[in-house]
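1. Could you work out the structure for the sequence below:
(chains A and B)
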Amino acid sequence: MKTPTVRVLYIDDEENNLQAFKASFRRQYEIYTAISAAEGLKILQSVNVQVIIADQKMPNTTGVEFFKSITETFPDPMRILLTGYTDIEALADAINHGDIYRYITKPWNDLELHNSIKNAYDAYKAKIDLRNKIAELEKTNDELNRFIYSISHELRAPLVSVIGIVGLVKMEGLYNSSGEYWSLIETCSNKLDYYIQKTLQYYKNNKTVADKSPVDFNKLISELIEVYSYTDKDTRFTINIDQEVEFKGDLFRIEVILGNLISNAIKYQKVTELNKKVNIDVEVSKEFAQISISDNGMGILNEHLEKIFTQFFKSKVHHGSGLGLFIVKEALNKIEGRISVSSDVDHGTTFKITIPNAK
Amino acid sequence: MQSDIKKVMLIDDNEIDLKINSKLISLSNLFQEIIICQSGEEALDYLSRHMNDDDKLPNFILLDIQMPEMDGFEFLEEYKKFSTTLTDKCPVAMLSSTLDFGDTQRAEANPYVIKLLKKPLSPKELAKLL
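-> As a prediction, this is how the structure comes out:
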């Protein structure tokens, strides 16, 4: 395979050095030379150079000054500094501000300089390759997210039609007309819908950048309760919201977090409990919103408490998807919130979350 | 004077959903007449044809969001160009299976939309709006 052309720019105020450099390296590299920093810059502007070698001691602009001046405009080429004497201060400056790859003393040794150029080029290539790979991965990831999102939409539309038909069957009094078949269809459809909804939430949480919009907890929580208590009217809610200051945060994620917790509180009740209760307390300050959601439901076994936030963890007895709390945790991670849980099988479960006020 | 017969216009590209929703509406007696349109264009065409015929105009519109060519929001852009004698007495509710937060917010922000209903249509929720 033909080795790629490596373009090297050498800047030095001594014409002899430029000539000697050319003579030694022109067979291996495409060499550009400049007698001053200003000349060097002109070349950089028109040629895509991968390695720059500059002499430190030049009138007007020193090598380090030159490297510093191009950190923003030409960040990619690798830099090698040449100096005739050991100037610790210049060296420190070069490392700290000039983004120098190598430091070589004059007079140079051909082999050493050759190796340095070769290594510098390899490092340059690795840097560019990595950048391209990242761009490629970001693109693939983005496509995957969009794919899953649109698939979920397409899958959900006909499913919702099925659920609508089951509703019609109920209205027409046919629900019990075929044994338990209709109720089985209903259970399966609802389950599938739940999975699709959770999948969407998960991918949206991954994809969306955090936004800052005003959050009115009173409004949000009463809306969520309305949505999730739709199928279960027995639960009594006690809501206590203390929001005197404005709260700004990621409305979508906060809705996902509270929605999952409230729906869990309703879903995991004790079947025998006559007095089903859910308490929601919200306290908003300039720094955080602290929210506590507790129920007198079936509680979580001590040995399960550690695992409830992991993906696809389900307890044997209860038919969860293993996604709800995992999504809660993922969403909280994105907005730098925290969650803690305490539970026992006699008294129920309390989740406490803290979300920073982004104001 | 406007006739007492309540008419709803359903705009949806999905034939099955049109069938389900018109059945639901007639079973729950929320409207006496249902005008079925399979696209936003068809609905606009109907409305402009019957602009001066109160007996033919709907009192309520149920509008799907995701439709080919003209989606629900594009329909609304055209709808608001109609005279206020129609738009004032014919509110629009969007009806969609969308879970998209952006869609929800856009629907809520649109002054012509009184509510975003989620599919499957619940007669109870629809009754609440009327």
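2. Could you use CA atoms for every contact and neighbour count after this?
-> Noted.
3. The residue of chain B found nearest chain A: what's it in contact with?
-> Going by Cα to the nearest Cα, chain A is nearest to B:Pro120 of chain B, at 4.8 Å. For B:Pro120, the contacting residues are A:Val160, A:Ser161, A:Ile163, A:Gly164, B:Ser97, by Cα atoms under 8 Å, 6 or more residues apart in numbering or on different chains.
4. Likewise for A:Ser229?
-> A:Thr235, A:Ser263, A:Ile266.
5. do A:Leu137 as well
-> Per Cα under 8 Å, 6+ apart, neighbours of A:Leu137: none.
6. How about A:Glu244?
-> Here A:Glu244 is in contact with A:Val284, A:Ser285 (criterion: Cα under 8 Å, 6+ apart).
7. mind checking the SS state of the residue of chain B closest to chain A?
-> coil (DSSP: H, G, I helix; E, B strand; the rest coil).
8. Are we agreed that A:Ser321 is in a strand?
-> No - counting by three-state DSSP, A:Ser321 is not found in a strand; it is coil.
9. where do the helices sit along chain A?
-> Under the criterion DSSP state H, helices of chain A are mapped to A:15-25, A:37-46, A:63-69, A:88-97, A:110-171, A:181-207, A:217-228, A:251-267, A:324-334.
10. Relative to the whole chain's centre, how far out is the fifth one?
-> For helix A:110-171, the separation from the chain centroid amounts to 12 Å (computed by Cα atoms, centre = their mean, to the nearest Å).
11. and A:Ile11, how many residues sit next to it?
-> Using other Cα atoms under 10 Å in any protein chain shown, A:Ile11 is surrounded by 29 other residues.
12. Does it touch A:Met58 like I think?
-> No - taking contacts as Cα atoms under 8 Å, A:Ile11 lies outside contact range of A:Met58: 9.2 Å.
13. in chain B, which spans are strands?
-> B:7-11, B:33-37, B:60-63, B:92-96, B:113-118 (DSSP state E).
14. could these be laid out in CSV, adding mean neighbour count?
-> Converted to CSV, those look like this (neighbours: other Cα atoms under 10 Å in any protein chain shown):
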stretch, mean neighbour count
strand B:7-11, 24
strand B:33-37, 18
strand B:60-63, 23
strand B:92-96, 22
strand B:113-118, 19
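15. For A:Gln19, grab the count of nearby residues.
-> 11.
16. per-residue confidence at it?
-> A:Gln19 carries a pLDDT value of 95.
17. In contact with it, which residues?
-> A:Gln19 neighbours (Cα under 8 Å, 6+ apart): none.
18. Okay, it and A:Ala54: tell me how far apart.
-> Per Cα to Cα, to the nearest Å, A:Gln19 is found 14 Å from A:Ala54.
19. sorry, back to before: out of the strands of chain B, flag the one nearest A:Gln45.
-> Closest to A:Gln45 of these, according to Cα to Cα: strand B:92-96, at 55.1 Å.
20. what angle sits between that closest one and strand B:7-11?
-> Going by axes from the mean of the first three to the mean of the last three Cα atoms, to 10 degrees, strand B:92-96 is angled at 40 degrees with respect to strand B:7-11.
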